[in-house]
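# task: produce atomic coordinates for the following.
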Amino acid sequence: MTDRLIIVVNDVAAAPNAGGVFSILEDFYKDVVKSDTKNQWFFLLSGRYFEETENVKIIVKNDLKKSRVKKFLYESLYGKNEINKLNPDVYISLQNISTIGVKAKKKITYVHTPVPFQRMKNYSPFKSGERSLWMYQDVVGGLIKKSLKKERPTIIVQTQWMKEELLKRNIALEKDVIVSWPMVPKTNGEKFEGEGTEFFYPTSQYQYKNYQLIYDAVNILHNEGINNFNVELTLPENSNEKLQGITFIGHIKREEVYKKYTKKILIFPSYMETFGLPLIEAAIRGDIIYAADTPFGHELLDGYNNVYYFKYNDASTLADLMRSSINGKIVSDGTVKKQSDSSSVYKLIMNLI
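Here you go, the predicted model:
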């Protein structure tokens, strides 16, 4: 490779207010601008979300964000033509798929979607509420797996369970898969000091986030006459979902989320995550955590004292846990989870390059 590399980054899938997916892109872009003035960078994005510099340019591909068919064809058929015209030395995909046919000497793919790899649930195209996830699990997931197997990039995943799934499915060789936890901002020593009647779930409107289970648990408690509690969800208020004991607070900034962990018990019923960042964010503050019983949950919270698990489809067990903390029977023991060392995506990728 030459001293000055041409590096192409593809993350058309990411957009503001998309949660952790956009946070990965944003942090990566900022690190590139801050740390690299030598190499030539091209970012393929769905919008002009950042300021360009002399050596960092943005190519907008908004049509790919709007159309799944176009995106599918771009990644599998004609995208290679546009990308190869840039003569990349390094091709980086931050969006799970390794574009087929790219001729870069070094290829790196950051795989952070759990949908095609998890074994908790198979979605059906015949259920209206599941068709979108079925499409991603089977159709898009099929392309993701095919592209990784065909292109043989270096693959970065966030957890050991994801690496094991790639190996079990013969998608990649062990030497080509790197496990790296995403960066978790350090705390300023703040710790959980909340009441057992206050609960919190930072989430989004994907079905697998499983917030309906919280509605069901709340209804169980209300039917028992227990009303002295509140659950905050970072979902937009819906007139059809005005439930007593639940407050819809909409999207909030990261800093506000961190403060919530020190005041409220985290409920995390999601059953499909590569990492589950709120679990770590809450645990390093000593928060009480009620979490779905999942491989990623056990991996992240191994050895943590203040976590209690329930089956992802068992509202009664979640209600039991909530009742226990409301009655003062579950309290934090004050210990926090020690933060593991982790590297930024930028540093990890530059080390690979």
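
# give me the low-pLDDT residue ranges for the stretch 1-150 of the chain?
1-2, 18-19 (pLDDT under 70).

# and the strands in it, which stretches?
6-10, 40-45, 56-60, 90-93, 106-110 (DSSP state E, counting those that start in this stretch).

# repeat that for the stretch 201-350 of the chain.
Counting by DSSP E, counting those that start in this stretch, the strands of the stretch 201-350 of the chain are 230-233, 246-248, 265-268, 289-292, 307-310.

# out of those, which comes closest to Val115?
Nearest to Val115 among those is strand 289-292 (15.7 Å), distances taken as Cβ to Cβ. Yep, even glycine has a C-beta here, placed from its N, CA and C like the rest.

# on that earlier part again, any chance of the strands of the stretch 1-150 of the chain in TSV, with mean neighbour count too?
Formatted as TSV, those follow (neighbours: other Cβ atoms under 10 Å):
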stretch	mean neighbour count
strand 6-10	24
strand 40-45	21
strand 56-60	16
strand 90-93	26
strand 106-110	23
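
# turn these into a markdown table, including distance to Lys253.
Formatted as a markdown table, the strands of the stretch 1-150 of the chain follow (distance: least, Cβ to Cβ, whole Å):
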| stretch | distance to Lys253 |
| --- | --- |
| strand 6-10 | 25 |
| strand 40-45 | 22 |
| strand 56-60 | 24 |
| strand 90-93 | 28 |
| strand 106-110 | 24 |
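
# so for Lys175, which of these sits nearest?
strand 106-110 (14.1 Å).

# give me the contacts around that closest one.
1, 24, 89-98, 147-148, 151-156, 345, 349, 352-353 (Cβ atoms under 8 Å, 6 or more residues apart in numbering).

# neighbour count says what about those? Which are buried?
Buried by 16 or more other Cβ atoms under 10 Å: 24, 89-98, 147-148, 151, 153-156, 345, 349, 353, out of these.

# is it true that Ile226 touches Ile326?
Yes. With contact defined as Cβ atoms under 8 Å, Ile226 reaches Ile326; the gap is 6.4 Å.

# which one of the two has more residues nearby?
Ile326 (20 against 17; other Cβ atoms under 10 Å).

# give me the subset of the contacts of strand 106-110 that lies in helices.
Within these, residues falling in helices by DSSP state H are Ile24, Ser147, Leu148, Glu151, Val345, Ile349, Leu352.

# among the residues you listed, which one lies nearest to Val8?
Nearest to Val8 among the ones in helices among the contacts of strand 106-110 is Ile349, at 12.4 Å by Cβ to Cβ.

# distance of that closest one from Glu193?
Here the criterion is Cβ to Cβ, to the nearest Å. By it, Ile349 lies 39 Å from Glu193.

# got it, and Ser23?
27 Å.

# give me the pLDDT for Pro182.
pLDDT, Pro182: 82.

# residue contacts, it?
Counting by Cβ under 8 Å, 6+ apart, Pro182 has contacts Gly20, Ile24, Gln158, Phe275, Leu277, Ser342, Val345.
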